[in-house]
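Participant: quick check, what structure comes out for this input:
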Amino acid sequence: MQVESTYRNARISAFKAREVTREIQGLPATDALELLRFVPKKAAGLVRKTLASAVANAENNNNVSPTLLTVREAVVGEGPTFKRFVPKARGSAGPIRKRTSHIRIVVTDEVEIKRRDKTAKKADKSGKKPATRRKTKAEDAAPEPAAE
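Facilitator: Residues are numbered from 1 along each chain as shown. Sure thing, here's the model as predicted:
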């Protein structure tokens, strides 16, 4: 069962809100709500509200337990832009674009919940392989000991 919630005309640019929604995709809904409580961005509050609404819709309309839900999709699209002008030097005017966005979150109980391992070591971000030691000529020529 998929349940969707949409926050239309949110007063934040889509670029800023996408940064937050990328973090919660694929997480269990309860973990995503907990994570959003501690993200220090304006978008986190808006996304959290939308996710809480989706969870409440699933619980009340479809009798699905919130512990079974997973965030399947978290999408932020461009909304209408308010165009304003500010006075500039020598009688000219400069444009100001006040951007809005539409936040759409889909939760489902069909996907198996996979929790992120908190003890796993982070992968090397440089993408390089770890350095390996080359064998010396003496080691290369020496016979390997027999395993017993």
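Participant: check which residues of the helix of greatest length in the chain are buried.
Facilitator: Scanning the chain for the helix with the most residues, using DSSP state H, yields helix 42-62. Residues 43-44, 46-55, 58 are the ones in helix 42-62 that count as buried (16 or more other CB atoms under 10 Å). Where C-beta positions appear, they are placed from N, C-alpha and C, glycine not excepted.
Participant: cool, stretch 79-93 as well?
Facilitator: For stretch 79-93, by 16+ other CB under 10 Å, it's residue 79.
Participant: need the contact list for residue 84.
Facilitator: 95-98 (CB atoms under 8 Å, 6 or more residues apart in numbering).
Participant: at 7 Å instead, please
Facilitator: By CB atoms under 7 Å, 6 or more residues apart in numbering, the contact set of residue 84 is 96, 98.
Participant: note down every partner strand of the helix or strand containing it and its orientation.
Facilitator: For residue 84, the element it lies in under DSSP states H and E is strand 82-87. Its sheet considered, strand 82-87 pairs with strand 93-98 (antiparallel) by DSSP bridges.
Participant: make sure residue 58 is actually in contact with residue 107.
Facilitator: Yes: in this structure, residue 58 is within contact of residue 107 by CB atoms under 7 Å, at 5.9 Å.
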